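S.K.: kindly return the folded structure for what I paste below:
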Amino acid sequence: MTKKINIVVATSGDTGAAAIDAIKGKSNLNIFVLHPNNKISSVQRKIMTTVDDKNVFNVAIDGNFDDCQNIVKNMFSDLEFSKSINMSGVNSINWARIIAQAVYYFYSYFKLGKETISFSVPTGNFGDVFAGYLAKKMGLPIDKLIVATNENDILHRAISKGDYVSKKVKETLSPSMDIQLASNFERLIYYVNNSDSKITDDIMKKVKQNSYQIEKKNLDIIQKDFLSESCNKQETLDIIKKNYEENNIILDPHTAVGVGAAKKLSFNDCVVLSTAHPCKFPDATNNAINKHEKLPKELQYVLDKDENFEVLKNNTDDVKNFVKSNE
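M.R.: Residues are numbered from 1 along each chain as shown. You can find the predicted model right below:
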């Protein structure tokens, strides 16, 4: 008997498009992509919602990315449901995604040929930078991993002073980082607490109650590997403008946050992980330099093609019902 797998993924803008491109048209595979309604750029959305393969389903959730992510986690936690649809995931909830991301830390190191190397990583869900942490644990001589955030700065507050209390999500120029509760920070907590699952579980209960402060001894451990900074809207625009004037390169707003964080920490010799093509964020680049990158020819069709997506409430049962009716 052939098994059909249903992949359910939450995206803050970019992961969903990559996952769809990999899975569209495949037999015995469906993909359901949840994105926050009206909270990603129109180009990001259209790259996903103009795909018309019958095994691709886009869902706009009336909420933010954290809400989308919580729905996916709730679906995984409901073992009866997740087993009934052969549910799987492809974003950083899936450990395989983290392992794959560790590769380019090694690539960068061998490409540069330095004794040690540091990275500045724009991040909202902590997955990409956690992959760097794994690379360091595997022996790669990384000095510091800079966690670069926008105004949704919970990770910066956590790493700089132990404050892991979430606030209301703000809409920013870098929507893929508009996240408060980062899934992969739980993995760091687990390692920092000597891989003790009971302690980690207790801490995550405090996180859900929005009352977690990182103990000083654990914060000291974290700060051996991590630094952090945040950039606000004006700083992000200034970085895009300055980089264009000095290097004739247009940065997307997420990459600009990575550059800005490194500069604010006086790390002038580090690798900044660039996250996305600037064509996806014309509003940010138009504000910064009065111009924007055109979409590559391969993607220009999305500007005029009809979109197809379902808008659902921020409700796990509604999403479950939608998946069941389309599996």
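S.K.: quick one, helices of the stretch 151-300 of the chain?
M.R.: Remark: helices assigned in the stretch 151-300 of the chain by DSSP state H, counting those that start in this stretch are 154-161, 185-192, 197-208, 216-225, 233-247, 253-264, 282-289.
S.K.: output those as TSV; include the columns mean pLDDT, mean neighbour count and distance to residue 110.
M.R.: The C-beta positions use only the backbone N, C-alpha and C, and glycine is treated the same way. Shown next, in TSV, are the helices of the stretch 151-300 of the chain (pLDDT from 0 to 100; neighbours: other Cβ atoms under 10 Å; distance: least, Cβ to Cβ, whole Å):
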stretch	mean pLDDT	mean neighbour count	distance to residue 110
helix 154-161	96	21	27
helix 185-192	95	20	25
helix 197-208	94	14	33
helix 216-225	97	14	20
helix 233-247	97	17	24
helix 253-264	97	26	21
helix 282-289	95	19	32
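S.K.: can you tell which of those is closest to residue 108?
M.R.: When the helices of the stretch 151-300 of the chain are compared by Cβ to Cβ, helix 253-264 sits nearest residue 108, at 13.4 Å.
S.K.: give me the helices and strands touching that closest one, please.
M.R.: In terms of contacts (3 or more Cβ pairs under 8 Å, 6 or more residues apart in numbering; DSSP states H and E), helix 253-264 is packed against strand 117-122, strand 142-149, strand 226-230, helix 233-247, strand 271-272.
S.K.: which one of these lies closest to residue 9?
M.R.: Per Cβ to Cβ, nearest to residue 9 of those: strand 117-122, 19.9 Å.
S.K.: can you give me the buried ones in that closest one?
M.R.: For strand 117-122, the neighbour count (16 or more other Cβ atoms under 10 Å) marks 117, 118, 119, 120, 121, 122 as buried.
S.K.: of all the helices of the stretch 151-300 of the chain, which lies closest to residue 136?
M.R.: helix 216-225 (6.4 Å).
S.K.: which other helices and strands contact that closest one?
M.R.: strand 142-149, helix 154-161, helix 185-192.
S.K.: as TSV, the ones you listed with distance to residue 317 would be great.
M.R.: Formatted as TSV, the entries for those read as follows, by distance: least, Cβ to Cβ, whole Å:
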stretch	distance to residue 317
strand 142-149	32
helix 154-161	28
helix 185-192	25
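S.K.: out of the ones you listed, flag the one nearest residue 72.
M.R.: Nearest of these (Cβ to Cβ): helix 185-192, 14.5 Å.
S.K.: pull the helix or strand with minimum mean pLDDT from the protein.
M.R.: Taking mean pLDDT, DSSP states H and E as the measure, the helices and strands of the chain show their lowest mean at helix 95-101, namely a mean of 90.
S.K.: quick check: angle from the following helix or strand past that one to strand 117-122?
M.R.: Tracing the chain past helix 95-101, the next element assigned as helix or strand by DSSP states H and E is helix 103-112. Angular relation of helix 103-112 and strand 117-122 on a 0 to 180 degree scale: 140 degrees, by axes from the mean of the first three to the mean of the last three Cα atoms, to 10 degrees.
S.K.: where does residue 35 fall, secondary structure wise?
M.R.: Per DSSP H and E: residue 35 is located in strand 29-36.
S.K.: tell me the mean pLDDT for that strand?
M.R.: Averaging the model's pLDDT scores along strand 29-36 yields 97.
S.K.: list the helices and strands it packs on?
M.R.: With contacts defined as 3+ Cβ pairs under 8 Å, 6+ apart, the packing partners of strand 29-36 are strand 5-10, helix 15-23, helix 42-49, strand 56-61, helix 65-77, helix 316-326.
S.K.: show me where pLDDT drops low in the protein?
M.R.: The model of the chain has pLDDT under 70 over residues 1.
S.K.: domain parsing of it, as residue ranges.
M.R.: Each domain of the chain is listed here as a residue range: 5-91+302-326, 96-289, per automatic domain parsing.
S.K.: which of those domains sits closest to residue 295?
M.R.: That would be, of the domains of the chain and by Cβ to Cβ, domain 96-289, which comes in at 4.7 Å.
S.K.: and stretch 8-18, which residues are buried?
M.R.: Burial within stretch 8-18, assessed by neighbour count using 16+ other Cβ under 10 Å, is assigned to 8, 9, 10, 11, 12, 13, 14, 15, 16, 17.
S.K.: Throw those residues into CSV and include distance to residue 44, thanks.
M.R.: Formatted as CSV, these follow (distance: Cβ to Cβ, whole Å):
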residue, distance to residue 44
8, 19
9, 14
10, 14
11, 8
12, 9
13, 4
14, 7
15, 10
16, 8
17, 7
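S.K.: show me what contacts the closest residue to residue 157 other than its chain neighbours?
M.R.: Distances taken as Cβ to Cβ, 6 or more residues apart in numbering place residue 163 nearest to residue 157, at 4.1 Å, with adjacent residues excluded. Applying Cβ atoms under 8 Å, 6 or more residues apart in numbering to residue 163 gives the contacts 154, 157, 213, 214.
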